[in-house]
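Enquirer: Below is the sequence, then the predicted model.
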Amino acid sequence: MRLDYLTIFPDYLAPLGLSLPGKAVESGLIDVHVHDLREWTHDRHRTVDDTPYGGGAGMVLKPEPFGEAFEALGVDEHTTVVFTTPSGEPFTQRLAEELATRQRLVFACGRYEGIDQRVIDHAREVAEVREVSLGDYVLNGGEVAALAITEAVVRLLPGFMGNAESLVEESHTGGLLEYPVYTKPPVWDGREVPMVLRSGDHGLVAAWRQEQARRRTAERRPDLLAPSALDDGTPIERAV
Ligand SMILES: CC(C)N1CCN(Cc2ccc(Cn3ccc4ccc(-c5n[nH]c(N)c5C#N)cc43)cc2)CC1
């Protein structure tokens, strides 16, 4: 998978060379290219933004640099352009799984009040476009979201996670939150690891973990337990 990032703050994406994505780069599983949007400006001040038509606070990122960048990067029908934006569709594990099937992602990271709408409209004519939000809180730009989405996607690529078993286990959580995990020492801070986890009885361990996951989900995310959330789409036979 090739990943390109368009940003006016390329240093913000330096973490892409570290931890999980770094290993994927070294192994050749992903090919990462961070681009400074100012590369596609031509004035002395390397201008990327201007005041919003219709008035209002702040600045808007100009369309021309993005248009020239898409052209230079060969954005085409084989590319998925991800615009991170507060007004995007919520980023979910399901969307991560979908993006992990793509051969090429180009992240367009906005700043200020956002990117001129015509950039998105143009991109939709030449590539697949997803406008994605990390969540219902306000960031100052799209780079953090691009990093988070990248990590969630790259870890799903076949052959990436050192312990593929953990990916398989994750997919079997049945939509519940993760159970508590423990490691050595058996006692720390006067706190003992639950004996069931040291019993060697895999059946008991599995049951305990399922119960812990359900209890944690009920406490923190009751919405995940709501009937619609657990609905697999099977039509309910209604009494006539
Ligand atoms: C004046 C008044 C009526 N406006 C009303 C609407 N507000 C919306 C607004 C707010 C902040 C920003 C800053 N910003 C620039 C590019 C950019 C990309 C992603 C995100 C972002 N924030 N939160 C997420 N989950 C994101 C993601 N993914 C934020 C970004 C851009 C836009 C702006 C203020």
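Expert: Received, thanks. Not measured: the values here are computed from a predicted model. Numbering: from 1, shown residues only.
Enquirer: Residues touching the lengthiest helix in the chain, excluding its own?
Expert: Ordering each helix of the chain by length in residues (DSSP state H) puts helix 202-220 first. Helix 202-220 is contacted from outside by 173-174, 176-180, 194, 196-197, 199, 224-225, using CB atoms under 8 Å, 6 or more residues apart in numbering. C-beta: built from backbone N, CA, C; applies to glycine.
Enquirer: any idea which of the residues you listed has the most stuff around it?
Expert: residue 176 (20 neighbours; other CB atoms under 10 Å).
Enquirer: what residues are up against that one?
Expert: By CB under 8 Å, 6+ apart, residue 176 lies in contact with 210, 213-214, 216-217, 224.
Enquirer: Model confidence for the residue lying closest to it once chain neighbours are set aside, exactly?
Expert: The shortest distance from residue 176 to any non-neighbouring residue, by CB to CB, 6 or more residues apart in numbering, is to residue 213 (4.1 Å). As predicted, residue 213 sits at a pLDDT of 98.
Enquirer: in this protein, which spans are strands?
Expert: 2-7, 31-36, 49-50, 60-61, 80-90, 104-109, 128-133, 187-188, 191-192 (DSSP state E).
Enquirer: Wait, residue 6 touches residue 68, no?
Expert: No: here residue 6 does not reach residue 68: they are 10.6 Å apart, not a contact under CB atoms under 8 Å.
Enquirer: who has more neighbours, those two?
Expert: Taking other CB under 10 Å, residue 6 and residue 68 do not tie; residue 6 has more neighbours (30 against 15).
Enquirer: Contact partners for that one?
Expert: 35, 37, 66, 69, 106-109 are the contacts of residue 6 under CB under 8 Å, 6+ apart.
Enquirer: again with residue 160
Expert: Neighbours of residue 160 in contact, by CB under 8 Å, 6+ apart: 20, 23-24, 27, 29, 154.
Enquirer: In space, what's closest to the residue nearest the centre of the chain - neighbours in sequence excluded?
Expert: Residue closest to the mean C-alpha point of the chain, counted by CA atoms, centre = their mean, is residue 149 at 1.9 Å. Excluding the flanking residues, the one nearest residue 149 by CB to CB, 6+ apart is residue 91, at 5.9 Å.
Enquirer: contacting residues for that neighbour?
Expert: So residue 91 contacts 132-135, 145, 148-149, 152 (CB under 8 Å, 6+ apart).
Enquirer: now do residue 193
Expert: Going by CB under 8 Å, 6+ apart, the list of residues near residue 193 reads 182, 186-187.
Enquirer: Kindly report the same for residue 10.
Expert: By CB under 8 Å, 6+ apart, the neighbours of residue 10 are 34-36.
Enquirer: can you list those residues in JSON lines and add distance to the ligand and neighbour count?
Expert: Putting those into JSON lines (distance: CB to the nearest ligand atom, whole Å; neighbours: other CB atoms under 10 Å) gives the following:
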{"residue": "34", "distance to the ligand": "16", "neighbour count": "21"}
{"residue": "35", "distance to the ligand": "17", "neighbour count": "17"}
{"residue": "36", "distance to the ligand": "16", "neighbour count": "18"}
